[in-house]
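**Student:** Sequence first, then the predicted structure, then my questions.
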Amino acid sequence: MVKIKKRKLGGAEIPTSSMADISFLLLLFFLVSTVIDVDTGIGLTLPEYIPEEQQEVAPLSKDRLAAILINENGDVLLNKEIIAIPQIKENLTERIRSKIDQPNNKKLVVSVKTDRKTNYNLYIQALDQVKGAYFQVREEYAQTRYGKKILDLNEEEDKDMKDKIPMIISIAEPEKIDK
């Protein structure tokens, strides 16, 4: 008969030799896989600065101007008439269409002016409606003139469309408020 020796078992141990490697890999994984939301803001091309004494003021006839005013209470006025924000696109689309065959110096100018205390969200919604009106008219022009969508136009056709329907938006500076 063979006698089996019982080995004495020690306490349970957790191997910690690779713990640093595992924690480093977890940290690296979360750093790489985490998406950091970077707010880029509004994509506007601002004009270069011209000193006030060198600025030229050109007269603008009322039929070429669409003035959008947004006050601090959230009221939106288009040419001094109260309007809902979703109606801006409808009203401007027709006016932009009527100016397509005019020379460049007779195109519609949309002025968006706000109060200093205006809700920023309302301002962005109004600006989106204005741009939406221009994009809709441009899309219609591309379809009727070239039988294509805007994205399918070549460089020459795109330039022609932008010359016929230039997006002229004036972001007017809010008036100063005396306290």
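**Tutor:** Arrived safely, thanks for sending.
**Student:** So which elements touch the longest helix anywhere in the chain?
**Tutor:** In the chain, assigned by DSSP state H, the helix with the most residues is helix 120-146. Identification of packing neighbours for helix 120-146 by 3 or more CB pairs under 8 Å, 6 or more residues apart in numbering; DSSP states H and E yields strand 65-70, helix 85-98, strand 109-114, helix 155-164, strand 169-172. Glycine gets a C-beta too; all of them are placed from N, C-alpha and C.
**Student:** quick one, which of those is nearest to residue 12?
**Tutor:** helix 85-98 (67.8 Å; CB to CB).
**Student:** What does the pLDDT read for residue 124?
**Tutor:** For residue 124, the pLDDT comes out at 89.
**Student:** start the count at 179, not 1, going forward
**Tutor:** Sure, I'll start counting at 179 from here, so that last one is residue 302.
**Student:** burial measure for it, as a count.
**Tutor:** As a burial measure, residue 302 scores 11 neighbours (other CB atoms under 10 Å).
**Student:** and what of the one 3 residues further on?
**Tutor:** By the measure other CB under 10 Å, the count of residues near residue 305 is 20.
**Student:** Please name the nearest non-neighbouring residue to it.
**Tutor:** Counting by CB to CB, 6 or more residues apart in numbering, residue 305 lies nearest to residue 290, which is 6.1 Å off, once chain neighbours are set aside.
**Student:** so who does that neighbour touch?
**Tutor:** 246, 248, 301, 304, 305, 308, 347, 348, 349, 350 (CB atoms under 8 Å, 6 or more residues apart in numbering).
**Student:** For those residues, pick the one with the most neighbours.
**Tutor:** residue 246 (26 neighbours).
**Student:** Wait, it touches residue 304, no?
**Tutor:** Yes. In this structure, residue 246 is within contact of residue 304 by CB atoms under 8 Å, at 5.9 Å.
**Student:** what touches both of those two?
**Tutor:** Shared contacts of residue 246 and residue 304, counting by CB under 8 Å, 6+ apart, come down to 254, 266, 290.
**Student:** Run a quick neighbour tally on the second one.
**Tutor:** So the one you mean is residue 266. 24.
**Student:** what does the model give the nearest residue to it once chain neighbours are set aside for pLDDT?
**Tutor:** Closest residue to residue 266 apart from its sequence neighbours, by CB to CB, 6+ apart: residue 307 at 3.8 Å. Here, the pLDDT recorded for residue 307 equals 93.
**Student:** got the helices and strands packed on helix 298-324 as JSON lines, with distance to residue 183 columns?
**Tutor:** Formatted as JSON lines, the helices and strands packed on helix 298-324 follow (distance: least, CB to CB, whole Å):
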{"stretch": "strand 243-248", "distance to residue 183": "91"}
{"stretch": "helix 263-276", "distance to residue 183": "88"}
{"stretch": "strand 287-292", "distance to residue 183": "90"}
{"stretch": "helix 333-342", "distance to residue 183": "89"}
{"stretch": "strand 347-350", "distance to residue 183": "90"}
